[in-house]
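Student: Need coordinates for the following:
(one chain, ligands or ions: 1)
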Amino acid sequence: MEIWLKAHENKNLFTMHRVERFLYRAKSKYQDLAVVDSPQFGRMLLLDGVIQTTIRDEPAYHEMIAHVPLFAHPGPKKVLIIGGGDGGTLREVLRHPEVEKVHLVEIDEQVIEASRRYLPELAVGFDDARVEVHIADGIKHVQGAVDCYDVVIVDSCDPLGPAVGLFNYEFYRNVRGALRKDGILVAQIESPFFNMDLVKQVYGSFTKLFPIVRPYLASIPSYSPGLWSFMLASKKHDPRTPKRKPHEDWKLRYYTAELHSAAFVLPAYYSQAIAEEAEVADQAG
Ligand code: SAM
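Tutor: Numbers count the residues shown, from 1 in each chain. You can find the predicted model right below:
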């Protein structure tokens, strides 16, 4: 008998994945968690029926959300990850020898526990001496934080439940305060193909707060429709030129120095949408 999992993309779209094994199912205070094995993408973590990460294509997401801001910064010592309870982003951040301290603020302890147990390839960094894990709301963590971090990475899920506030102007304003004077913020902002309104909203907020704002892209096949977007804001450094290169022995699967710069090249529909947003902001004064 074949078993199929219906993964939620948005209210109009579900994707179907053949499943070989259901490994874990739990309901935390915040969400429904599931871990399954699928022949197409390997092991998958789902929250509220939405795919968060899969073993097959997780390097694309985690390498791009971590290495683009970290290589854009000339010397990132202190990094904050908000969300990211699966550990994939943390694993990539810890590859950088310049990084002395990482705070990971995840609201749901059960995501970390499930990842440690079922996704050990991702959850390798939690016991690193440079890491402090806070089980807390990332929105509260940055309230009142001043001049603390070189890079802040918002590795959130979709803007639902406790993650809604991670897409708000007020939150980004607090992140700006938490960043040092040449700090960099990056946030995952969903698919530009399906969620252009959200992309524009985040772009509008970032441009009110930061002098340099650059969206960039990655191809992540398990996130329908495959093209994924990140928004980067920088207080000083142009993020398009990497300041260092990854070591060969990191054996990265997606990120390269060439791809770093290329990822900032946008399709016409994306550039047009953010140009429209910039015009609206200009007119509003
Ligand atoms: N790579 C994933 C994606 O784009 O679908 C997201 C990875 S990670 C699993 C997202 C994490 O953000 C979840 O574990 C969730 O519990 C956490 N999260 C949601 N809202 C949060 C908040 N307000 N503060 C801290 N963590 C939050």
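Student: Near the ligand, which residues of the stretch 1-150 of the chain? Just list them.
Tutor: 30, 52-53, 61, 82-86, 105-108, 111, 137-139 (CB under 6 Å from any ligand atom). For the C-beta atoms, the positions are set from N, CA and C on the backbone; glycine is no exception.
Student: Buried subset of those residues as a ChimeraX selection?
Tutor: Restricted to buried positions by 16 or more other CB atoms under 10 Å, the ChimeraX selection for those reads:
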select :30,52,53,61,82,83,84,85,86,105,106,107,108,111,137,138,139
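Student: and the residues of the stretch 1-150 of the chain next to the ligand, which of them are in helices?
Tutor: Counting by DSSP state H, these place 61, 111, 138-139 in helices.
Student: quick one, what contacts Gly49?
Tutor: By CB atoms under 8 Å, 6 or more residues apart in numbering, the residues touching Gly49 are 6-8, 32, 34.
Student: I'd like to know which of the ones in helices among the residues of the stretch 1-150 of the chain next to the ligand is nearest to Leu185.
Tutor: Gly138 (12.3 Å; CB to CB).
Student: host element of the residue nearest to Leu198 when sequence neighbours are not counted?
Tutor: Residue nearest to Leu198 in three dimensions, not counting chain neighbours: Glu190, with 5.6 Å by CB to CB, 6 or more residues apart in numbering. Using DSSP states H and E, Glu190 sits in no helix or strand.
Student: Begin at 52, not 1, for the rest of this chat.
Tutor: Noted, 52 is the first residue going forward, which turns the last one into Glu241.
Student: so Glu241 makes contact with Trp279?
Tutor: Yes: using CB atoms under 8 Å, Glu241 makes contact with Trp279 at a distance of 7.3 Å.
Student: Name the nearest of the ones in helices among the residues of the stretch 52-201 of the chain next to the ligand relative to Glu183.
Tutor: Distance to Glu183 across those (CB to CB) is lowest for Gly189, with 13.6 Å.
Student: looking at it, that closest one is touching Ile133, isn't it?
Tutor: Yes: assessed by CB under 8 Å, Gly189 is found in contact with Ile133 at 3.3 Å.
Student: domains of the chain?
Tutor: 54-105, 109-335 (automatic domain parsing).
Student: Give me whichever of these is most buried.
Tutor: Most buried of those by mean neighbour count (mean count of other CB atoms under 10 Å) is domain 109-335; its value is a mean of 19.
Student: Quote the end-to-end distance of it.
Tutor: 40 Å (CA to CA, to the nearest Å).
Student: before we move on, what about stretch 92-102?
Tutor: First-to-last distance for stretch 92-102 - CA to CA - comes to 11 Å.
Student: Then stretch 303-314?
Tutor: Its first and final residues considered, stretch 303-314 spans 16 Å by CA to CA.
Student: for stretch 80-99, same thing?
Tutor: 12 Å.
Student: Confirm that Asp300 lies within a helix, as I assumed.
Tutor: Yes: according to DSSP: H, G, I helix; E, B strand; the rest coil, Asp300 belongs to a helix.
Student: Next one: it from Glu328, what distance?
Tutor: 41 Å (CB to CB, to the nearest Å).
Student: mind checking pLDDT for Ala335?
Tutor: At Ala335, the model reports a pLDDT of 78.
Student: can you list the residues that contact the top strand by length along the chain?
Tutor: Taking DSSP state E as the criterion, the chain has its longest strand at strand 230-239. When contacts are defined by CB under 8 Å, 6+ apart, strand 230-239 is touched by residues 112, 116, 119-120, 123-125, 127, 129, 198-207, 217-218, 223, 226-227, 253, 257, 261, 279-288, 290.
Student: Just the ones of these in helices?
Tutor: Using DSSP H, the contacts of strand 230-239 in helices are 112, 116, 119-120, 123, 223, 226-227, 253, 257.
Student: Those residues into CSV, with extra columns for pLDDT and distance to Gln323?
Tutor: What follows is those, written out as CSV (pLDDT from 0 to 100; distance: CB to CB, whole Å):
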residue, pLDDT, distance to Gln323
Tyr112, 98, 26
Ile116, 98, 25
Val119, 99, 23
Pro120, 99, 25
Ala123, 98, 25
Tyr223, 98, 23
Val226, 98, 27
Arg227, 98, 27
Val253, 97, 17
Phe257, 98, 18
